[in-house]
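Peer 1: What follows is a protein structure lacking sequence information:
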């Protein structure tokens, strides 16, 4: 059974600081997604990572994938308040998504 | 990308009743899925909605409780039957697009059962 672990569960960051969210999964996967969810909203797709060593960046967020270690990271650079949200990784297996527990990010001044 | 709409956006229902949620995609998609997100939790896959055939349910979910239809390549419904307060959740549909093979999510249906 595919399991996806995400940590930390909760992250309180000061503006301007850097931090990394980790996503570990238990079996081989086809691809890995990162989503953002604002309170009361649906999921917004941030990144889709397809292969080992893949790195994608958008603004202050950068995601990477190491398929050998079964690990993906979402790195936040110089956090700003607008990044406050819950971030989920999700691993695709036979077209189905298995979600991590989510990381609730709060950025304060 | 795919634009997905859901109806209703929210509802408050009494226990023992049923609610049908509709999901419409603006283009033909290869696969559609239904997820549940309980309060403060992550998303759990309920089932894969198969076009023209019975849905494929994940462990812990059964057709009698969550009947699903998918009559064509752009539309699906999920019914939450004989509801109890434990069914209070957000229900989201998603679609897998063939062109870029990405999953997009609808806005969700927030269900409260009293």
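Peer 2: Looks like it arrived, so ask away. Since this is a predicted model, take the numbers as computed values, not measurements.
Peer 1: What's opposite residue 57 in the beta bridge?
Peer 2: By default, I'm working from chain A. Taking DSSP bridges as the rule, residue A:57 bridges to residue A:62.
Peer 1: I was thinking of chain B, sorry if that wasn't clear
Peer 2: According to DSSP bridges, beta-bridge pairing links residue B:57 with residue B:47.
Peer 1: Near it, how many other residues are there?
Peer 2: 17 (other CB atoms under 10 Å in any protein chain shown). For glycine as for every other residue, the C-beta is placed from the backbone atoms N, C-alpha and C.
Peer 1: Give me the distance between residue A:10 and chain B.
Peer 2: Distance, residue A:10 to chain B, by CB to the nearest CB, to the nearest Å: 11 Å.
Peer 1: Secondary structure element holding the spatially closest residue to that residue that is not a sequence neighbour?
Peer 2: What sits nearest to residue A:10 in space, not counting adjacent residues and going by CB to CB, 6 or more residues apart in numbering or on different chains, is residue A:104, at 4.9 Å. Assessed by DSSP states H and E, residue A:104 sits inside strand A:103-108.
Peer 1: elements contacting that strand?
Peer 2: strand A:10-14, strand A:85-93 (3 or more CB pairs under 8 Å, 6 or more residues apart in numbering or on different chains; DSSP states H and E).
Peer 1: Partner strands of it, with direction?
Peer 2: strand A:10-14 (parallel), strand A:85-93 (antiparallel).
Peer 1: Highest mean neighbour count across those strands, which stretch is it?
Peer 2: strand A:85-93 (a mean of 23; mean count of other CB atoms under 10 Å in any protein chain shown).
Peer 1: Reduced to three states, what does the closest residue to residue A:49 other than its chain neighbours come out as?
Peer 2: Excluding the flanking residues, the one nearest residue A:49 by CB to CB, 6+ apart is residue A:65, at 3.9 Å. Using DSSP: H, G, I helix; E, B strand; the rest coil, the structure places residue A:65 in strand.
Peer 1: What is the neighbour count of residue A:65?
Peer 2: Residues lying near residue A:65 (other CB under 10 Å) number 26.
Peer 1: thinking again about what came up before, tell me which of the strands paired with strand A:103-108 lies nearest to residue B:109.
Peer 2: For residue B:109, the closest of these is strand A:85-93, at 18.6 Å, according to CB to CB.
Peer 1: could you give the angle of that closest one to strand A:61-66?
Peer 2: 30 degrees (axes from the mean of the first three to the mean of the last three CA atoms, to 10 degrees).
Peer 1: Contacts made by strand A:85-93 with the rest, please.
Peer 2: A:2, A:4, A:6, A:21, A:23, A:25, A:27, A:29-39, A:43, A:46, A:72, A:74, A:97-100, A:102-105, B:42-43, B:103 (CB atoms under 8 Å, 6 or more residues apart in numbering or on different chains).
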